[in-house]
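>>> fold the following and give me the result.
(one chain, ligands or ions: 2)
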Amino acid sequence: MQEGRVAGAGPADYMRGMSETEHSAPLLPILIYPEPVLRKVARPITPADADEVRRLVPSMFATMYRAPGIGLAANQVGSLLRVIVVDVAPKEQPTPIALINPEIIARSDETATQEEGCLSIPDQYAEVTRPARVKVRYHDVAGIKQEIEAEGLLAACLQHEIDHLNGVLFVDYLSALKRNMLLRKLAKAQKR
Ligand code: K1U
Ligand code: ZN
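Ligands and ions are numbered 1, 2, ... in the order given. So this is what the prediction gives:
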């Protein structure tokens, strides 16, 4: 997936890590809270979805890099297929990963607290505590079964994106007081 990377910084910086297909893929509008599709559970991808997934994944990468963000779930662009894309690597070393039907198969008892944001809840951030390490099973875009063990930002990002596929948002982990404050700030900002 790293071939065809656009080197160097500049106006096309968001294209880091994008192949030629992703470079030309249409950008998708990112849906903003309280859009109802963000609360829906996405359905598993079957072989019959192959064409749709081939179209969707490059557009999701293009949209994520353009935002910019470090992850994106299909719900956020209005698709209810179980697919997420992530890239938490530095710009100079793009590491895009597309995960089809991802499932967390192991979680550490140890937890870690990380500041999280969400492209569907723009400009609002909060600390979220989750398992520090996870093992995720998924299929790659070639249909090959893969497993990834993650810690740090990648672990938080994978959990955040898989939550999206289940209609769960990072604000759900906050106290009612913090959540309401954050969502009120969002509503105010969206009116402007
Ligand atoms: O799913 C999303 O809404 C994307 C979200 C993912 C995420 C961020 C932080 C912790 C866990 C999951 C984002 O990418 S928000 C934007 C962001 O974090 C970022 C943007 C530019 C550079 C670096 C980070
Ligand atoms: Zn999010």
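>>> got a list of what residue 105 touches?
135-137, 147 (CB atoms under 8 Å, 6 or more residues apart in numbering). Just so you know, the C-beta spots here come from the backbone N, C-alpha and C atoms, and that holds for glycine as well.
>>> how about a cut-off of 6 Å?
By CB atoms under 6 Å, 6 or more residues apart in numbering, the contact set of residue 105 is 135, 137.
>>> please report how far the residue of the chain found nearest ligand 1 lies from residue 184.
Of all residues in the chain, the one sitting closest to ligand 1 is residue 69 (2.9 Å; CB to the nearest ligand atom). From residue 69 across to residue 184, the span is 23 Å (CB to CB, to the nearest Å).
>>> equivalent analysis for residue 163, please.
22 Å.
>>> looking only at neighbour counts, state which of the two leads.
residue 163 (21 against 10; other CB atoms under 10 Å).
>>> quick one: what helix or strand has the more buried one in it?
Using DSSP states H and E, the element containing residue 163 is helix 152-165.
>>> with just CA atoms, put the one helix or strand residue 150 maps to into PDB.
Using DSSP H and E, residue 150 maps to strand 145-151. The C-alpha coordinates for strand 145-151 follow below in PDB (Å, rounded to 0.1, in the frame of the first residue of the first chain):
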ATOM      1  CA  LYS A 145      -7.000 -12.600   7.000                       C
ATOM      2  CA  GLN A 146      -4.600 -10.500   9.100                       C
ATOM      3  CA  GLU A 147      -4.000  -9.800  12.800                       C
ATOM      4  CA  ILE A 148      -2.500  -6.600  14.200                       C
ATOM      5  CA  GLU A 149      -1.300  -6.000  17.800                       C
ATOM      6  CA  ALA A 150      -1.400  -2.400  18.800                       C
ATOM      7  CA  GLU A 151      -0.500  -0.100  21.600                       C
END
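>>> do it and ligand 1 meet at all?
No - contact between strand 145-151 and ligand 1 is absent, the nearest approach being 11.6 Å (criterion: CB under 6 Å from any ligand atom).
>>> which residues touch that strand?
133-140, 158.
>>> report how many residues lie close to the residue of the chain closest to ligand 1.
Residue 69 has 18 neighbours, counted by other CB under 10 Å.
>>> and the pLDDT at it?
Here, the pLDDT recorded for residue 69 equals 98.
>>> do the same with residue 10
Reported pLDDT for residue 10: 29.
>>> same deal with the one 5 residues further on?
The per-residue pLDDT reported for residue 15 equals 46.
>>> now do residue 189
96.
>>> count of neighbours near residue 188?
Residue 188, neighbours per other CB under 10 Å, totals 9.
>>> ranges for the strands of the protein?
For the chain, applying DSSP state E gives strands covering 71-73, 83-86, 97-107, 111-116, 126-131, 133-139, 145-151.
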